[in-house]
Structures are given as structure tokens and as C-alpha cells.
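> Below is the sequence, then the predicted model.
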Amino acid sequence: MPPNKRKIKSEEASQSSSNKTKEIKKNKVVDKWQATKSTMKECFQFLFNNEKFADVHFIVGKDEKQQIIPAHKFILVTRSDVFETMFYGSLAEPGDKIPVPDIEPAALLAFLKFLYTDEVEIDTNIVMFTLYVAKKYNVPALQNHCVKFLKTNWNVDNVFLLLTQAYLFDESELANFCLQMIDTTPVPAFASDFFIDIDLKTLSDVLKRNTLKIHESLLFDAVLRWSEAECKRQGLPIKPKNQRSVLGEAFKLIRFPLMTIEQFVNGPVKSGLLSDKEVVQLVIYLKGDSKQPKPSIPFSNQNRYSGNGVYSTYTYGYASMYNGQRY
């Protein structure tokens, strides 16, 4: 091919390439979205869950619920040291896909919404999942918002569920709050379905408390109900021997000496959970002369609250009276 024709074709190719470049550049800025935003927050809000400039994608959920959620590394690393390590640390992995099957899509979106805009959009359905994500990626500010939400929206029916989740996520502040709420509203709390679902360690933590405002006979009834549920979970027949076995050392945390002799005979003795020796020891203790020293027994006689408690029958089960106040 003659040199002049090569030159013409080269110029045509160059011009074509230049035109394509201009067209691409034009398409990239055609929306001019930046001009419509007056603050940095508005810009980041625009980029939230937006493919524009996205350089990382979270793959969340499983099977048909799986979603791909776009994000921007620069924003993520400014809010989380975990992301900084993931993307720019010495062990950073290449690629823009982050599989997170342990995270619910709604919770991740709430988490990212906070990172991008500082806005908190949580409800009772996703708050615990969002707390999990905030802890996983070490965002204390969002963790605090979640805990505050839980403390504000708790109720006596779900306080044991909340306590279990607080232990699961190592939220000591929330766990202490739940324990205090159980202290003050023990009767309906122990009557809830969530109580019998707690594990043995949680049950033991509750039984160790000196601040429970409940009569020991009612507490024993609750423990008896828990032991029946635990036998079912372990596939054991509901028999006194098995109930005592599943309770383990937690059984020793019941303060039988705080009961009256009538409560003791009509409750613990009839349950069959105590050995004959323990029954004899406790009967002697409870019927003993108040002027004489009490015999030694393997159960604590320490009151669970300060002051004198007065207990009365109530329409739903029982309600305790403490210093004139109903709990």
C-alpha cells in the first residue's frame, strides 16, 4: 500500500478513536449529578447502593434471596479499620467480590446506609442482625445506636431473648440492662416462652442474682418448667432424675431456705428433684426454732433483695410486693 494511503487510513483511525474517546467522556458526565448536590453527605447518599464508581461488591444472602450490593472502598475504609485491612493490608486479597453469606441483605444495607450517610434505619426485625454486622466490621458508633434501640424497645416478653442475644454478641452493657429488667419484672419474664429457651449458663447467671424481686417458690416453679423443656431438647423422658441432671450445679443455686415450710412441701418436695437427705435437712432447717442456730445445709439462705418482701396472690399467677410496690 502506498505511503500516502497508509497515512490517510492512520489519520482516519486516529480521528475515529478520538471521537469514541470524546463520546465515552461525554457519556460519563452527561448526568452531572455532582452539581445537584450541595453537601458531601448528599454526594455520598447518591453513591449509596449505586453502581456508579463502585469498586467492590458484597454478595449477601443465600439461594434465591442472594443479592449483590455495590460499594466504594474509599468510603468503607474511612469508617472501618477492618475494611482497611481487607483492602489495603498485607494480606489483602485481589478481586472486587466479598461473599458474606452470614449477613442478611437488609442488615447490610442498613449498615452501609450508616457508613455513607450517618443515618440509622433499623427496626425490631433487623436490629440484631445490624448489630452483628457493626461488630464484625468494628463500627462502634452503629453498635451504640443498636444497643440504644434495643434498650428503648425491650419488653418483658422478649427480655430473655434479648439477654441471650446480648451474650451471643458479647454486649455486656445490654446483658446487664436485661438482667436488671428481669430483676424488676421477674414473674412475667419467667412466664414468657423465651425463658425456657435459654441455655444453662444463662439460667445459672440469673439464679445467682441477689436482686431478683420474686419469691423463691415462684422461681422454683420457673426452673422446673425450664428443666422440662431441657429434657425435651435432649430427648430425655421428663422424670425427676433427668430434670435434676440437666440442671446440674444450677439446682444448687435455688434458695430453698427462703421458702415457708408449706411452699417447700407443696413445691420442691412434691417435684421429686430433691434427695431424701436434702428433704430432711431442709425440713429441719425450715421448722427449726428461730432462737436456735440453724443446721448447715447445701443451699444458700441469702435474701435476693434488701428489705422485707411481702408476697401476695395476683390474678395472673402471683405478683410480689416489695416495700409496698408491686413487681
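Received it, and whenever you're ready, just let me know what you need.

> only C-alpha atoms for contact and neighbour calcs from this point on.
OK.

> what does the domain assignment say about this structure?
36-121, 180-327 (automatic domain parsing).

> now these as CSV including distance to residue 133, mean neighbour count and mean pLDDT?
As requested, those are exported to CSV (distance: least, Cα to Cα, whole Å; neighbours: other Cα atoms under 10 Å; pLDDT from 0 to 100):
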stretch, distance to residue 133, mean neighbour count, mean pLDDT
domain 36-121, 7, 16, 92
domain 180-327, 23, 16, 85
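
> Would you convert the ones you listed into TSV that also reports distance to residue 153?
Formatted as TSV, the domains of the chain follow (distance: least, Cα to Cα, whole Å):
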stretch	distance to residue 153
domain 36-121	15
domain 180-327	12
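
> Pull the residues that contact the helix or strand hosting residue 160.
Using DSSP states H and E, residue 160 sits within helix 159-168. For helix 159-168, the external contacting residues (Cα atoms under 8 Å, 6 or more residues apart in numbering) are 128, 154, 172, 174-175, 178-179, 181-182, 189, 194-195, 198, 202.

> Need the contact partners of stretch 265-283.
Under Cα under 8 Å, 6+ apart, the answer for stretch 265-283 is 217, 220, 221, 240, 241, 243, 244, 256, 257, 261, 295, 297.

> what's the first one in contact with, if anything?
Remark: with contacts taken as Cα under 8 Å, 6+ apart, residue 217 is in contact with 256, 259, 263, 264, 267.

> Mind checking which of these land in helices?
Residues from the contacts of residue 217 lying in helices, with DSSP state H as the criterion: 263, 264.

> quick check, nearest of the contacts of residue 217 to residue 120?
Of all the contacts of residue 217, residue 256 has the smallest distance to residue 120: 47.7 Å, by Cα to Cα.

> Enumerate every residue touching that closest one.
Counting by Cα under 8 Å, 6+ apart, residue 256 has contacts 216, 217, 264, 282, 299, 300, 301.

> can you rerun that using 10 Å?
216-217, 220, 263-264, 268, 282-283, 285-286, 297-301 (Cα atoms under 10 Å, 6 or more residues apart in numbering).

> and if you look at residue 128?
107, 122, 134, 143, 146, 147, 150, 162, 165, 166, 169.

> Narrow these to those that are buried.
Among these, those classed as buried by 16 or more other Cα atoms under 10 Å are 107, 122, 134, 143, 146, 147, 150, 162, 165, 166, 169.

> I'd say the fourth one and residue 132 touch.
In other words, residue 143. Yes - counting by Cα atoms under 10 Å, residue 143 does reach residue 132; the two are 8.4 Å apart.
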